[in-house]
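> Let me see the structure of the following:
(2 chains)
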There are 2 protein chains.
Amino acid sequence: MAIVLDVMGGDKAPREIINGAVAASQILREKLILVGDIEKIERFYHHEYPNKIELVHASEVIGMDEKPIEAIRSKRDSSIVIGAKLVKQGAGKVFVSAGNTGAVAAASLLEWKQMKGYKRPAIAVTIPNLHGGFVLLDSGASPDISPESLVEFGEMGMNYAKSVMERRNPRVHLLNIGEEVGKGNAFTKKAYHCLEKYDWFAGNIESKDVFRKPCDVVVCDAFVGNMVLKTGEGIVDFILELIAQQLPKSKLARLPFYFAKKLLNPLKQQLDFAEYGGSPLLGLNELSIICHGRSDAKAIKNALLQAEKSIHHDLMALMKR
Amino acid sequence: MAIVLDVMGGDKAPREIINGAVAASQILREKLILVGDIEKIERFYHHEYPNKIELVHASEVIGMDEKPIEAIRSKRDSSIVIGAKLVKQGAGKVFVSAGNTGAVAAASLLEWKQMKGYKRPAIAVTIPNLHGGFVLLDSGASPDISPESLVEFGEMGMNYAKSVMERRNPRVHLLNIGEEVGKGNAFTKKAYHCLEKYDWFAGNIESKDVFRKPCDVVVCDAFVGNMVLKTGEGIVDFILELIAQQLPKSKLARLPFYFAKKLLNPLKQQLDFAEYGGSPLLGLNELSIICHGRSDAKAIKNALLQAEKSIHHDLMALMKR
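Numbering: from 1, shown residues only, chains lettered A, B, ... in the order given. Coordinates of the predicted model:
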C-alpha cells in the first residue's frame, strides 16, 4: 500500500516536501507516490530517487489562498485533485498534503464521500500538554454543525487516539467555558446532553485546563476549534517575539543569555505543531493528513510516519460505525 | 465621587484587597468605600484608615463557585449586592470587585439595568500585544446573543478605548477564523454584514493576528471571547510550567540559569492580566470593574486607578447612544 504525497502544497514546496519524502523513505515500509509538476520537482531534486518513491505528474497547483471549492472544480489537473483521485482508485492508501487546507478537505470529500454513520468530517489536531498531548476536533473542516455531530467527532477522536496515538481507553471531553454541568452556550448545553449517554464521555473541560489536565480527545465545533488553535499559535509567536526584543543588541552583552536559550529551545520544540506531523481529516471513506502550511522536511517526514501508523493500525477499519 | 470596593471577593480577600485599597488611596483623588464584613476586615487591618477610606458593613459573602442568580437573590446582605446598591443610590460612582464574576454581573444588571440603546452588557478585557494591547469584548457577560449585538459591543469598546485607554481614533475588528470577507461561521458572517455599515469597522481579524497586528477593539460573542481568554491563560501557565520542569534540581546547577530568569520575569509581567487591572462590564447605567479572582494588592490598586480614570473621562456620558 502506497502513501500519496502532494509535493506542491505548502509555503516551502516543493523543496522541503521532497526532502521530507526522501528522509521518510529510508524508514517507511510503504511505497511513496509523489504528485506534482515533474519539471519543477526536477529543479530541486537531481539525484536518483530511492526505489520506494514513484512520481506522478500534475500540471496545475492550487495556491494557498485560492477559494477551495472553485479551485478544485477548475483545476482538475492539480496535485491535490490528482492525489485524492489516486487514493480513490486504490493506487494509494493515505493522502498527505501541506497545501490549501480547504481545498484538500473539499477534494477529499468530493472524491471519497462521507463514511457511513458520519455526517460531517472533522480535522483532528494533536496539541501538546503536560500529559503527552491530546487531540482536538473539529479544528476546521465543518462549520455550523448540529450538536449531535460532536458524538461522531468523539468516536472519530477515540479511534484515532487508540490507534495512531496508542492511547489506552481514551475518553472524550467537551470543550466549554465552565466545568460544571449546565455551563456554556446553547450549543454546548445541547451537545452535553447528546454526549452524556456515552460511557466514554468525561464531561466539560475548559480551554485553560486542556494544557494541564490529562485528556485524550476534546471535541468542539470547527469555529471554536480553529479559534483555540490560532490563539495558541499567536501567543507562542508573541512570547518568542517578546523574548527576542528583550535580548541585548550586542553579541558580547548577549553572552549571559546563552543559558536562557538552552531553556527556550526545547520549549520551542515542544510547542511546535510541526513536531506532531499533520492532522488527519476524519469521517470520510479514505484518510487524508493535512500538514501546516509552514511545514518543513521534518514535519513532512513525521506526517508520513503518521500515515504509515494509520495503515498499520488499520484506522479506517476501526472507524466503521 | 467615591469608588466602591468589594473587600470580600477574590481568592486573596480580604487581605490583598485591603492592601490594594490602602495603596491606591495614597494616589487617588476620589474617596473609597470598602464593603465587607467589618469584623473580618479588622482581623487583617489594625491601623487607622487613611481619611479617604470609609467602611460599610456587609454580613454575607458570595463564594467564587456559587450560582450567580441564586446567590444574589438569597444573599441580599452580601458585599456584592450592597456594593451595587451603593452605586445605584449615588453614594459611589464605580463598583470594583474581584469576586464571583457572574454574581457581580448579575447584581449590576439587576440594580442598574441596561443603558438605553444597549440590549446586552459585555465584559471588556484588555489583552497585551506588540502594540500596547487591545480590548476584547464580550469576554463572558452575554452568551447566545444575536449578531446585531456586536455593533453595540463595538461602540462600547470604542468609547472605552478612547477614554480609559486614551487611544486616538480607535477602530473595531471582528474576531474570526479568516481575514477575508465571507469567512467564518453563520454567526460571524451575519455580524460582518451588520458591522460593515459603520466607518469605524476595520474588518475581520484572526486570533493568531491580534497579538502582532495593531488593533484597538476586537468584538466576538461571550463564548468565543471567554474561550480565547482562557486558552491564553492556559498556554502561558503551560509554558511557565515547562520552563520550571527544565530547570535543574540543585541550586548550584541552577546558577547558570540566573540570566534566563532575567529574561522571563518581565515576560511574565507582560503576560499577567493583573497588570492591566480589572475588566469593565459595559452597557449598563453604571459601571462595574471586575477583577481576576487571583488579584493581589497590585491588581486591585490598578483597577482602582482605572476606575478613577473612567470617572475622570466621564466614560458613562460618552457611552450614551
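
> how far away is the closest residue to residue A:76 other than its chain neighbours from residue B:294?
Setting aside the residues directly before and after it, residue A:76 is nearest to residue A:60 in space (C-beta to C-beta, 6 or more residues apart in numbering or on different chains), at 7.8 Å. Yep, even glycine has a C-beta here, placed from its N, CA and C like the rest. From residue A:60 across to residue B:294, the span is 54 Å (C-beta to C-beta, to the nearest Å).

> what does residue A:43 give?
Taking C-beta to C-beta, one finds residue A:43 at 56 Å from residue B:294.

> Same drill for those two, tell me which one is more crowded.
residue B:294 (15 against 10; other C-beta atoms under 10 Å in any protein chain shown).

> and the residue nearest to that one when sequence neighbours are not counted, what is it in contact with?
Spatial nearest neighbour of residue B:294, chain neighbours left out: residue B:11 (5.6 Å); criterion: C-beta to C-beta, 6+ apart. Neighbouring residues of residue B:11 by C-beta atoms under 8 Å, 6 or more residues apart in numbering or on different chains: B:64, B:293-295.

> Now, of these, which are buried?
B:64, B:295 (16 or more other C-beta atoms under 10 Å in any protein chain shown).

> which pair in the contacts of residue B:11 spans the largest distance?
B:64 and B:295 (11.8 Å; C-beta to C-beta).

> Please enumerate the shared neighbours of these two.
By C-beta under 8 Å, 6+ apart, the residues touching both residue B:64 and residue B:295 are B:10-11.

> Distance of the closest residue to residue A:54 other than its chain neighbours relative to chain B?
Counting by C-beta to C-beta, 6+ apart, residue A:33 is the residue found nearest to residue A:54 once chain neighbours are left out, at 5.1 Å. For residue A:33, the distance to chain B equals 31 Å [C-beta to the nearest C-beta, to the nearest Å].

> mind listing the strands in the stretch 151-300 of chain A by residue range?
In the stretch 151-300 of chain A, the strands defined using DSSP state E, counting those that start in this stretch lie at A:172-176, A:201-206, A:217-219, A:279-282, A:287-290.

> Between the ones you listed, which one is closest to chain B.
Comparison of those against chain B by C-beta to the nearest C-beta identifies strand A:201-206 as nearest, at 5.6 Å.

> Partner strands of the closest one, with direction?
The pairing partners recorded for strand A:201-206 under DSSP bridges are strand A:172-176 (parallel).

> Other residues contacting the partner strand?
For strand A:172-176, using C-beta under 8 Å, 6+ apart, the contacting residues are A:136, A:150, A:154, A:157-158, A:183-184, A:188, A:191-192, A:195, A:198, A:200-207, A:210, A:215-220, A:224-225, A:228, B:227.

> quick one: average confidence on the strand or helix carrying residue A:82?
If you go by DSSP states H and E, residue A:82 is part of helix A:79-88. Taken as a whole, helix A:79-88 has an average pLDDT of 98.

> And for stretch A:182-192?
96.

> For that stretch, buried residues please.
Quick answer for stretch A:182-192 (16+ other C-beta under 10 Å): A:183-185, A:187-189, A:191-192.

> Nearest to residue B:165, out of these: which one, please.
residue A:185 (28.2 Å).

> How about the contacts made by the closest one?
Neighbours of residue A:185 in contact, by C-beta under 8 Å, 6+ apart: A:177, B:143-144, B:221-223.

> separation between it and residue B:140?
Taking C-beta to C-beta, one finds residue A:185 at 11 Å from residue B:140.

> the helices in chain A, which residues?
For chain A, helices defined by DSSP state H occupy the ranges A:15-25, A:38-44, A:68-74, A:79-88, A:101-112, A:149-163, A:186-195, A:222-246, A:251-254, A:258-271, A:297-312, A:315-319.
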